[in-house]
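K.L.:
Kindly generate the corresponding structure for this input.
(one chain, ligands or ions: 4)
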Amino acid sequence: MARSNDAVAAMLQEFADLLAISGGDARKVRAYEKAARAVEGYPLEVDGLDVKGLDAIPAVGSHLARKILEFGDTGSVSELDELRAKVPSGLRTLLRVPGLGPRHALQVYTELGITSLSELTNALREHRLRELRGWDEKSEQNLVTAIQQAHGGAVRFRLDVALELAGRVLARFEAVPGVWRATYAGSLRRMRDTVGDIDLLVASDEPAPVMDALVAMPLVARVLAKGPTKTSVVTDSGIQVDVRVISPSSWGAALMYFTGSKAHNIRVRALAVRAGLKLSEYGLFSAESGELIVAGTEEEVFAQLGLPWIPPVLREDNGEVEAALEGRLPVLVQLGDLRGDLHTHTGLSDGVATLEEMVAAARKRGYEYFAITDHVPLASMRQVTIERALAQRQRIRELEPGAGLTLLHGTEVYIQPDGSLGWEDELLAGFDIVVASVHSYFEQPRTEMTARLLRAIEHPCVHVIGHPTNRGIGRRPPVDVDLEAMFRAAARTGTALEVNGFPDRLDLDGEVIRWAWSFGVRFAIATGAHAVSQLDNVRFGVATAQRCWAAPGEVVNTWPLDRLRRFLGTG
Ligand code: DGT
Ligand code: CA
Ligand code: CA
Ligand code: ZN
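P.N.:
Ligands and ions are numbered 1, 2, ... in the order given. A predicted model of the protein is given here:
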């Protein structure tokens with residue numbers, strides 16, 4: 001695959017777009033566009049061509065040939081860099097949106113203040129573009145389709161997918177000579193529910209071999225830009241990866257900067273300014289003398305600003321900087337605080353592992369207790385009759401003495417459209433733990449959905465509401481429910497709300513948890529695992545709870561068994 005041609009074509013296309021946006025000559029814009037297409041389709045690798053060879057490409061004259069050579073030699077083009085500097089970064093981001101084009105990018109940027117793909121998709125969802133001059137319902141829909149096609153239906157990517165991909169690229173970097181450290185930053189390090197792109201940071205005094213290793217990786221589908229300090233590629237799964245190579249001496253400052261969030265960075269930089277300092281990705285400097293004060297580790301930079309180290313999950317400008325200044329950063333729930341999983345499945349319902357396998361895996365994780373909560377009948381599933389559930393209970397009781405942990409025999413019941421649970425109360429009362437969740441009729445109107453969930457919450461046998469809003473990341477919006485009414489009922493009845501760690505759920509999610517917390521709601525961080533490997537998803541549940549400052553005490557499965565049993569009414 002002629003990858004250098006793609007990179008040059010992307011460079012020329014960016015040139016054309018930036019020229020168009022900054023009011024450049026229309027003929028010149030077209031010339032760059034034509035050259036981009038010609039290079040893309042040219043049978044020879046442009047990397048190996050001299051001026052004469054480049055000149056021979058249709059639509060490429062000696063002027064553009066020199067630009068292409070400069071790009072090949074330095075990884076960048078000075079005239080393009082100047083153009084980039086003139087165009088705000090938000091607007092440049094929009095230029096990369098498929099199907100938008102420079103003219104419309106400028107329009108939505110100036111008229112709607114949109115600076116990112118996610119803001120654009122929100123505006124599309126709210127039908128705000130069709131209000132603009134020259135737009136209508138049809139052109140709006142065309143853009144939606146173009147974005148969906150380019151992004152395989154999802155504009156942002158699942159945390160687990162991004163994490164796995166980042167791990168593969170970082171493993172490659174660690175094998176490059178001269179690399180001192182390599183890690184992920186950006187929204188991935190902050191463990192946001194989804195990531196827009198992956199930001200990787202590499203500490204090395206020799207950037208070139210790192211960038212070469214990256215673009216040579218088979219998983220790279222397209223090189224967007226390749227330079228000595230920053231390279232951006234798109235992988236075969238459609239995720240963009242931005243790689244920055246920085247000097248090991250500025251590791252801490254660079255990690256802080258590229259971890260973000262942008263809003264958090266702005267807040268921290270303002271603190272620096274007030275202290276007569278200047279903070280950048282290169283370090284913390286004296287504003288007056290320009291002398292470097294500190295840059296090596298995040299802890300040092302924070303300390304010089306009078307702050308404790310702030311965990312990345314909190315860096316969203318949600319008051320964490322103020323809290324840090326006042327010494328009241330929360331004690332966050334940690335993975336190690338969890339004593340057990342309260343929502344798991346086996347082959348009795350739709351899981352793929354046996355009861356014995358799940359229990360052995362739970363023990364290996366060091367859990368003190370473990371709940372098996374197979375589903376109850378659903379048309380599309382093998383029936384879990386009460387006989388089979390009771391047989392499972394018997395096996396659990398037999399297994400428990402040698403299991404090395406306490407086993408809870410639970411069930412996950414489906415909340416029917418009217419809020420009933422489909423099982424007799426006497427049967428439900430026989431389970432150690434009952435998780436109730438909505439698995440159908442997601443489209444119910446708000447009043448009905450609220451009444452439905454409230455009835456389940458108020459049911460005396462229900463201990464936990466599973467994945468309470470039922471959103472499916474990239475596939476289904478949350479149900480329409482009066483959250484406040486749900487929180488009040490959960491707090492009043494002592495029903496825990498689940499923080500489901502499955503990466504396409506993460507439900508409840510960050511903002512919602514923080515709000516629920518103010519009502520005194522208790523949470524259960526659980527996986528709903530259907531396989532041994534999925535027990536690992538608990539870490540995403542923990543990160544989700546951490547993002548909204550959850551402390552261990554609020555999470556029922558950090559409690560010792562006797563306290564949990566009292567909560568479940570079985571102690
Ligand atoms: P994403 O990719 O949409 O999930 O979110 P982030 O937070 O990873 O954003 P991204 O990839 O655009 O940038 C990574 C980090 O780099 C961001 O969190 C903060 C830092 N950063 C990037 N551009 C700027 C900027 O213009 N100003 C400041 N202060 N920080 C920036
Ligand atoms: Ca990012
Ligand atoms: Ca990025
Ligand atoms: Zn489940």
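K.L.:
Tell me where the stretch 251-400 of the chain has strands.
P.N.:
Ranges of strands within the stretch 251-400 of the chain are 277-280, 283-286, 292-294, 340-341, 369-375, based on DSSP state E, counting those that start in this stretch.
K.L.:
Where does pLDDT dip in the stretch 251-400 of the chain?
P.N.:
For the stretch 251-400 of the chain, residues meeting the criterion pLDDT under 70 lie at 376-384.
K.L.:
Repeat that for the chain.
P.N.:
Looking at the chain by pLDDT under 70, you get 1-3, 149-155, 376-384, 571.
K.L.:
what's next to stretch 556-570, contact-wise?
P.N.:
333, 337-342, 368-369, 406, 408, 432-433, 463, 494, 496, 522-526, 552, 571 (C-beta atoms under 8 Å, 6 or more residues apart in numbering). For glycine as for every other residue, the C-beta is placed from the backbone atoms N, C-alpha and C.
K.L.:
ugh, wrong one, stretch 279-286
P.N.:
With C-beta under 8 Å, 6+ apart, stretch 279-286 has contacts from 246, 250, 253-254, 256-258, 268-269, 272, 276-278, 291-295, 301, 304-305.
K.L.:
for it, which positions count as buried?
P.N.:
If you call a residue buried by 16 or more other C-beta atoms under 10 Å, then stretch 279-286 has these buried ones: 279, 280, 281, 282, 283, 284, 285.
K.L.:
so which of the residues you listed comes closest to ligand 3?
P.N.:
Closest approach between these and ligand 3, by C-beta to the ion: residue 281, at 13.0 Å.
K.L.:
Give me the distance between that closest one and residue 185.
P.N.:
10 Å (C-beta to C-beta, to the nearest Å).
K.L.:
And residue 222, by the same measure?
P.N.:
Noted for residue 222: a distance of 22 Å to residue 185, by C-beta to C-beta.
K.L.:
Who has more neighbours out of those two?
P.N.:
Each of residue 222 and residue 185 has its neighbours counted (other C-beta atoms under 10 Å); residue 185 has more, 22 against 18.
K.L.:
Do I have it right that that one meets residue 258?
P.N.:
Yes - assessed by C-beta atoms under 8 Å, residue 185 is found in contact with residue 258 at 3.9 Å.
K.L.:
For stretch 198-208, buried residues please.
P.N.:
198, 199, 200, 201, 202, 203, 204, 207.
K.L.:
Equivalent analysis for stretch 135-150, please.
P.N.:
For stretch 135-150, by 16+ other C-beta under 10 Å, it's 135, 140, 143, 147.
K.L.:
Looking at those, which two lie furthest apart in space?
P.N.:
Farthest pair in those (C-beta to C-beta) is 135 and 147. Separation: 15.0 Å.
K.L.:
Counting neighbours, what do you get for residue 401?
P.N.:
Residue 401 has 7 neighbours, counted by other C-beta under 10 Å.
K.L.:
hang on, I meant residue 464
P.N.:
By other C-beta under 10 Å, 30 other residues sit near residue 464.
K.L.:
Quick check: phi and psi at it.
P.N.:
phi -140, psi 140 (degrees, to the nearest 10).
K.L.:
Among the buried residues of stretch 198-208, name the ones that also lie close to ligand 1.
P.N.:
residue 199 (C-beta under 6 Å from any ligand atom).
K.L.:
Out of the buried residues of stretch 198-208, which is nearest to ligand 4?
P.N.:
Closest to ligand 4, out of all of the buried residues of stretch 198-208 and judged by C-beta to the ion, is residue 198, at 29.6 Å.
K.L.:
for that closest one, which residues make a bridge with it?
P.N.:
Under DSSP bridges, the beta-bridge partners of residue 198 are residue 241.
K.L.:
is it true that residue 493 touches residue 458?
P.N.:
Yes - counting by C-beta under 8 Å, residue 493 does reach residue 458; the two are 5.7 Å apart.
K.L.:
Tell me how far residue 407 lies from residue 365.
P.N.:
Look at residue 407 and residue 365: by C-beta to C-beta, they are 14 Å apart.
K.L.:
So those two - more neighbours on which side?
P.N.:
Taking other C-beta under 10 Å, residue 407 and residue 365 do not tie; residue 407 has more neighbours (22 against 16).
K.L.:
Quick one: residues contacting that one.
P.N.:
By C-beta under 8 Å, 6+ apart, residue 407 lies in contact with 359, 369, 370, 371, 372, 396, 399, 400.
K.L.:
Buried among those residues? Make that a PyMOL selection.
P.N.:
If you want just the buried ones from the contacts of residue 407 in PyMOL, going by 16+ other C-beta under 10 Å, the selection is:
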select buried, resi 359+369+370+371+372+396+400
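K.L.:
Could I get the contacts of residue 407 in CSV, plus columns for distance to residue 48?
P.N.:
Formatted as CSV, the contacts of residue 407 follow (distance: C-beta to C-beta, whole Å):
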residue, distance to residue 48
359, 60
369, 64
370, 61
371, 63
372, 62
396, 67
399, 66
400, 69
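K.L.:
measure the residue nearest to residue 75 when sequence neighbours are not counted to ligand 3 for me?
P.N.:
For residue 75, ignoring the flanking residues on the chain, the nearest one in space by C-beta to C-beta, 6 or more residues apart in numbering is residue 227 at 4.0 Å. According to C-beta to the ion, to the nearest Å, residue 227 and ligand 3 sit 14 Å apart.
K.L.:
Contacts only, for residue 227.
P.N.:
74, 75, 76, 211.
K.L.:
Could you single out the nearest of these to residue 447?
P.N.:
residue 211 (56.7 Å).
K.L.:
Would you mind naming the helix or strand containing the closest one?
P.N.:
helix 207-215 (DSSP states H and E).
K.L.:
Adjacent strands (with direction) for the very next helix or strand once past that helix?
P.N.:
Moving toward the C-terminus from helix 207-215, the next helix or strand (DSSP H and E) is strand 220-226. Here strand 220-226 is paired, per DSSP bridges, with strand 230-235 (antiparallel).
K.L.:
So is the strand it pairs with next to ligand 3?
P.N.:
No - shown here: strand 230-235 not in contact with ligand 3 (C-beta under 5 Å from the ion), separated by at least 7.7 Å.
K.L.:
returning to that earlier point: what do residue 281 and residue 185 both touch?
P.N.:
residue 258.
K.L.:
Ignoring the adjacent residues along the chain, who's closest to the residue in the chain that ligand 4 sits nearest to?
P.N.:
Residue of the chain nearest ligand 4, by C-beta to the ion: residue 528 (3.9 Å). Nearest residue to residue 528, sequence neighbours excluded (C-beta to C-beta, 6+ apart): residue 343, at 4.7 Å.
K.L.:
ok, now which ones touch that neighbour?
P.N.:
371, 373, 410, 412, 435, 464, 466, 498, 500, 524, 526-529.
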